[in-house]
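Student: sequence-free structure coming up:
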């Protein structure tokens, strides 16, 4: 079986501004990977490009379950199995969460047990009272993020890209969202969790951590890599990844 998500040589620009400069990344099925990096490193742009926001010009390759999604419209990328969890989930007036989930089930060709499974999950996630309310309307930050986790469970995609799902949450909400991510683990799903901070990783057993800077993945490793970032910050790791400058002419001549 191919990996859930395979990104190779992904470049992207916004007008004349080059943002992604050759991203290589792979997330196998059944694993949760964290993508970390400072502001401006290209993490959110990677989300936008994977999901097909039209203002970006992109090249390279992005495979979702073996299907090349670059060049496909957004709805085709979703049907290929790509799910994006937003950093700031928007309100959808006039559409209830129940209606959205029912529409998701129909679009995915879900079977007879779909709605009972969704209702049971809504009860576990304390979202049942919100099923009859407009999507995200009047919900707290943590409730909005849990609602997205419920949508993820309903859709059962191949790849879930979760863009800073811990943003703006208090510690209790971070624990709740982390528990929801852990509950979604499946041999049929690969998760790319994008975050600035390591605090959510205290509650999620990530399989691999990738560090992004200046539009590239500069380092990958185990969960201990997040601890190294916590201790030393991004700047030190970015400096380590920078290629050594060529020797000055005087130094070269002295070595002869």
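Tutor: Right, received. Where do you want to start? On a predicted model such as this, the values are computed, not experimentally measured, just so you know. Numbers count the residues shown, from 1 in each chain.

Student: when you work out contacts or count neighbours from here on, use the C-alpha atoms and nothing else.
Tutor: Fine.

Student: between the two ends of stretch 219-228, how far is it?
Tutor: By CA to CA, to the nearest Å, the extent of stretch 219-228 from end to end equals 12 Å.

Student: how far does it sit from its chain's centre?
Tutor: Mean-position distance between stretch 219-228 and its chain equals 17 Å (CA atoms, centre = their mean, to the nearest Å).

Student: cool, stretch 227-238 as well?
Tutor: On the basis of CA atoms, centre = their mean, stretch 227-238 sits 21 Å off its chain's mean C-alpha point.

Student: other SSEs contacting the helix ranked longest in the chain?
Tutor: For the chain, the helix with the greatest residue count under DSSP state H is helix 224-241. Using 3 or more CA pairs under 8 Å, 6 or more residues apart in numbering; DSSP states H and E, the elements in contact with helix 224-241 are strand 208-213, strand 216-221.

Student: show me where this protein has its helices.
Tutor: Residue ranges of the helices in the chain, as given by DSSP H, are 43-51, 74-80, 97-107, 114-124, 141-155, 171-183, 224-241, 249-254.

Student: using a markdown table, please lay out these together with mean neighbour count.
Tutor: Formatted as a markdown table, the helices of the chain follow (neighbours: other CA atoms under 10 Å):
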| stretch | mean neighbour count |
| --- | --- |
| helix 43-51 | 21 |
| helix 74-80 | 17 |
| helix 97-107 | 16 |
| helix 114-124 | 15 |
| helix 141-155 | 22 |
| helix 171-183 | 18 |
| helix 224-241 | 14 |
| helix 249-254 | 9 |
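
Student: any chance of those helices in TSV, with mean pLDDT and distance to residue 10 too?
Tutor: Formatted as TSV, the helices of the chain follow (pLDDT from 0 to 100; distance: least, CA to CA, whole Å):
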stretch	mean pLDDT	distance to residue 10
helix 43-51	93	9
helix 74-80	92	16
helix 97-107	89	29
helix 114-124	89	36
helix 141-155	87	25
helix 171-183	85	26
helix 224-241	80	19
helix 249-254	52	36
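
Student: closest one to residue 131 among those helices?
Tutor: Among the helices of the chain, the nearest to residue 131 by CA to CA is helix 97-107 (4.8 Å).

Student: got the contact list for the longest helix of the chain?
Tutor: 37-38, 197-198, 209, 213, 218-219 (CA atoms under 8 Å, 6 or more residues apart in numbering).

Student: go on, stretch 74-93?
Tutor: With contact meaning CA under 8 Å, 6+ apart, stretch 74-93 is reached by 47, 51-53, 64-65, 67, 69, 108, 134-137, 144-145, 148, 152, 156-165, 167.

Student: could you do stretch 170-177 as well?
Tutor: By CA under 8 Å, 6+ apart, stretch 170-177 touches 142, 145-146, 149, 165-166, 200, 203.

Student: from those, which is closest to residue 21?
Tutor: Closest to residue 21 out of those is residue 165 (24.8 Å), distances taken as CA to CA.

Student: could you measure the closest one against residue 145, distance?
Tutor: 7 Å.
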